[in-house]
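> Turn this into a model:
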Amino acid sequence: MGLKSAEFFEGIKEAVNADMVKKVKAVFQWNITQGGNQVAQYTVDLKNGNGEIYDGKAKKKANCTLTVDDDDLMSLVSGELDPMKAFMGGKLKIGGNIMLAQKLTAIFDAAKPQAKL
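You can find the predicted model right below:
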């Protein structure tokens, strides 16, 4: 069973850089679910060095933990699902510093294909 979110996290690895770390300054741990069960875990470290994305639990304490269904994450990334509505509707659960979740747009924007002019 392939997770759509696995492609998302793999795709943004190249976009993570020191500039993004300067802007975000946080470690996000993502708990990905399917059918209500956790099936994967990813860490987006935008606090240390040049940033890093890896499978599994955060090596250093996560500032913000997000739990979301695989399909809902992809809807969030594509813009089909509003993050506030997802949170208020229980589709997105946030632990830790909830205000840091506002900085997720930097991650989502990095996942979108860059238009070539």
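> got a list of contacts for stretch 76-90?
8, 68, 72, 75, 91-94, 101, 104, 108, 111-112 (Cβ atoms under 8 Å, 6 or more residues apart in numbering). Any C-beta I mention is one placed from the backbone N, CA and C, and that applies to glycine too.
> for stretch 37-45, which positions count as buried?
Ala40, Gln41, Tyr42, Thr43, Val44, Asp45 (16 or more other Cβ atoms under 10 Å).
> Same check on stretch 69-81?
Asp69, Asp70, Asp72, Leu73, Met74, Ser75, Leu76, Val77, Leu81.
> For the worst-scoring helix or strand of the chain on mean pLDDT, which outside residues touch it?
Ranked by mean pLDDT, DSSP states H and E, the helix or strand of the chain with the weakest confidence is helix 105-111, at a mean of 74. With contact meaning Cβ under 8 Å, 6+ apart, helix 105-111 is reached by 8, 11-12, 15-16, 20, 23-24, 28, 44, 46, 76-77, 79.
> follow-up on the earlier one: I'd like the buried residues of stretch 69-81 laid out as JSON lines, including pLDDT, distance to Gly35 and secondary structure.
Below are the buried residues of stretch 69-81 laid out as JSON lines (pLDDT from 0 to 100; distance: Cβ to Cβ, whole Å; DSSP: H, G, I helix; E, B strand; the rest coil):
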{"residue": "Asp69", "pLDDT": "98", "distance to Gly35": "8", "secondary structure": "strand"}
{"residue": "Asp70", "pLDDT": "97", "distance to Gly35": "10", "secondary structure": "helix"}
{"residue": "Asp72", "pLDDT": "97", "distance to Gly35": "12", "secondary structure": "helix"}
{"residue": "Leu73", "pLDDT": "95", "distance to Gly35": "14", "secondary structure": "helix"}
{"residue": "Met74", "pLDDT": "94", "distance to Gly35": "16", "secondary structure": "helix"}
{"residue": "Ser75", "pLDDT": "94", "distance to Gly35": "16", "secondary structure": "helix"}
{"residue": "Leu76", "pLDDT": "92", "distance to Gly35": "18", "secondary structure": "helix"}
{"residue": "Val77", "pLDDT": "88", "distance to Gly35": "20", "secondary structure": "helix"}
{"residue": "Leu81", "pLDDT": "94", "distance to Gly35": "18", "secondary structure": "coil"}
